[in-house]
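Asker: Sequence first, then the predicted structure:
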Amino acid sequence: MGISEHHKILIIGGGTGGIAVASQLQKELQDPDIAVLEPADTHYYQPGWTFVGGGIFSKEETARPMNEIMPRGVQWIHDAAAKIDPETNTVTTETGATLTYDYLVVAAGIRIDWESIPGLREGLGKNGIVSNYAYDIAPITWETIKSFKGGTALFTQPKPPFKCPGAAQKILYLADEAFRRQKVRKESHLVFCSAAPGIFPVKKYAAALNEVIKRKELDMRYQCNLVELRPGDKEAVFERLSDGDRESIAYDMIHVTPPMSAPHFIKESPLADAGGWLDVDMYTLQHKRYRNVFGLGDCTNTPNSKTAAAIRAQTPVLASNLSMVIEHQEGKAAYDGYASCPLVTGYGKLILAEFDYNLKPKETFPFDQGRERRSMYYLKKYVLPRIYWNVLLKGGSFNIGE
């Protein structure tokens, strides 16, 4: 067995949510005793991986050592959660350490289920199978696009929930433009196979994206879910969700957005809902049954789009409500479901979608964001990464999302 230690506030996860909340609480609380439980040595700016796959960023630009972004004064426990017992306020780690807490914040992210599609894990990064959802594979996406000589290029989107939903289609638009620049677009058939019933859940942005799709002459196939890859034959098998029938499509390259689920230690804990997600109040982010437990980000069951922008909006709500609970008061701050998808539609073009729980636009800028704009592309490329590293992760506030 490992060591035992106690902290007033224990945060599970050193991703965007965990670091942002730790930073804010460290600033706001008097004499804080905060620890972050995180096994990784590197922190990744995952919204940048679409640009890695599109040949715009290098992968190294999206990574920093964990010890450099861990807030000063916060203890980093270099381990992973294995079991949570909220009845005894205990977390057991993978090395066997026992951690106890007064208050728990779960910001554990989402699990990528590469193995849930037969043929995906063993084929990933080879023979035209790529994904921008992995740090080491995103550069191979670009190499595959850059060397494409024509043929069928497939792009997939799974059943929800999954993080950064826009990423599945952004690489489709970038590949289309790259193929045009490489003068192979006429010999290329671009197919988007999505389990969703349409391109985007917010009507305003869906209308704009459908115009992009029409202009680019893309083959869109909805309610079409990837269930198997046959790397040797370069075939992908899809299930039509409307009738359950299956069809195989031959490809020359395929960009896969993998299925995702809640981390196992949450699924197996009393903190989970029926689907395995952390069961929090969608407005206060406080657990529905354990009042000293809070959660934010991709691991929760809040019905918002799972993006870094959502975490940006959730962070001050959680910090405020947790601070109130520590003072034996009721938290009053409320999260409205804000999320943002900077929808890159080409090199130098972007639609900045911002919306709330009701799928109503909640836009930052005083102009119509339902149009492709070069200024919004530059915002994503140059401004948002700096805000992420220098403001969000340091507990600062700002009004635009990623």
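Answerer: Everything's here; your move.
Asker: can you give me the helices in the stretch 51-200 of the chain?
Answerer: Ranges of helices within the stretch 51-200 of the chain are 66-69, 120-123, 138-146, 167-181, based on DSSP state H, counting those that start in this stretch.
Asker: Quick check: the residue most central in space within the chain vs residue 300, distance?
Answerer: By CA atoms, centre = their mean, the chain has its centre lying nearest to residue 163, at 3.1 Å. The spacing between residue 163 and residue 300, counted by CB to CB, to the nearest Å, is 12 Å. (C-beta placed from N, C-alpha, C; glycine too.)
Asker: Residue 321 too?
Answerer: According to CB to CB, residue 321 and residue 300 sit 14 Å apart.
Asker: sec struct for residue 236, please.
Answerer: Here residue 236 takes the strand state, with states given by DSSP: H, G, I helix; E, B strand; the rest coil.
Asker: Let me see the contact set for it.
Answerer: Residues near residue 236 by CB atoms under 8 Å, 6 or more residues apart in numbering: 154, 156, 193, 226, 228-230, 248-249, 251, 254.
Asker: In strands only, show me those residues.
Answerer: 154, 156, 193, 226, 228-230, 248-249, 254 (DSSP state E).
Asker: Show me which of those is closest to residue 183.
Answerer: residue 154 (21.2 Å; CB to CB).
Asker: still on that earlier bit, surely the residue nearest to the centre of the chain and residue 299 touch.
Answerer: No - if you go by CB atoms under 8 Å, residue 163 and residue 299 don't touch, sitting 10.2 Å apart.
Asker: any shared contact partners between those two?
Answerer: Joint contacts of residue 163 and residue 299 (CB under 8 Å, 6+ apart) are 109-110.
Asker: and residue 374, how many neighbours?
Answerer: When counting by other CB atoms under 10 Å, one arrives at 11 neighbours for residue 374.
Asker: how about the closest residue to it other than its chain neighbours, phi and psi?
Answerer: Once flanking residues are discounted, residue 374 sits nearest to residue 348: 5.2 Å by CB to CB, 6 or more residues apart in numbering. Torsion angles at residue 348 (phi, psi; degrees, to the nearest 10) stand at phi 90, psi 10.
Asker: same deal with the one 5 residues further on?
Answerer: Residue 353 adopts backbone torsions of phi -90, psi 130, taken as degrees, to the nearest 10.
Asker: Could you work out the end-to-end span of stretch 236-245 for me?
Answerer: With CA to CA, to the nearest Å as the measure, stretch 236-245 spans 14 Å from end to end.
Asker: Buried residues, that stretch. List them.
Answerer: Across stretch 236-245, burial judged by 16 or more other CB atoms under 10 Å covers 236-239.
Asker: Could you do stretch 271-289 as well?
Answerer: Within stretch 271-289, the residues scored as buried using 16+ other CB under 10 Å are 271-272, 276-287.
Asker: ditto for stretch 31-49
Answerer: Buried residues in stretch 31-49 (16+ other CB under 10 Å): 32, 34-38, 43-49.
Asker: neighbours of the residue lying closest to residue 298 once chain neighbours are set aside, just the number please.
Answerer: In space, and not counting its chain neighbours, residue 298 is closest to residue 110: 3.9 Å by CB to CB, 6+ apart. Neighbour count for residue 110, taken as other CB under 10 Å: 20.
Asker: Dump the buried residues of stretch 236-245 into a markdown table; add pLDDT and distance to residue 389 as well.
Answerer: What follows is the buried residues of stretch 236-245, written out as a markdown table (pLDDT from 0 to 100; distance: CB to CB, whole Å):
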| residue | pLDDT | distance to residue 389 |
| --- | --- | --- |
| 236 | 98 | 37 |
| 237 | 98 | 41 |
| 238 | 98 | 39 |
| 239 | 98 | 40 |
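Asker: As TSV, those residues with distance to residue 20 would be great.
Answerer: Listed next are the buried residues of stretch 236-245 as TSV, based on distance: CB to CB, whole Å:
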residue	distance to residue 20
236	37
237	40
238	37
239	38
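Asker: Quick one: low-confidence residue ranges for the stretch 301-402 of the chain.
Answerer: The model of the stretch 301-402 of the chain has pLDDT under 70 over residues 398-402.
Asker: let's go with 90 and repeat that
Answerer: Scanning the stretch 301-402 of the chain for pLDDT under 90 picks out the ranges 396-402.
Asker: Over to the chain?
Answerer: Across the chain (using pLDDT under 90), the flagged ranges come out as 1-4, 30-31, 164-165, 396-402.
Asker: please redo it, this time with the cut-off set to 80
Answerer: Scanning the chain for pLDDT under 80 picks out the ranges 1-3, 397-402.
Asker: Would you enumerate the residues in contact with residue 87?
Answerer: residue 270.
Asker: correction: residue 195
Answerer: Residue 195 sits next to 157-160, 223-225, 241 when contact means CB under 8 Å, 6+ apart.
Asker: These: which two are farthest apart?
Answerer: Top of the distance list for these (CB to CB): 160 and 224, 14.6 Å.
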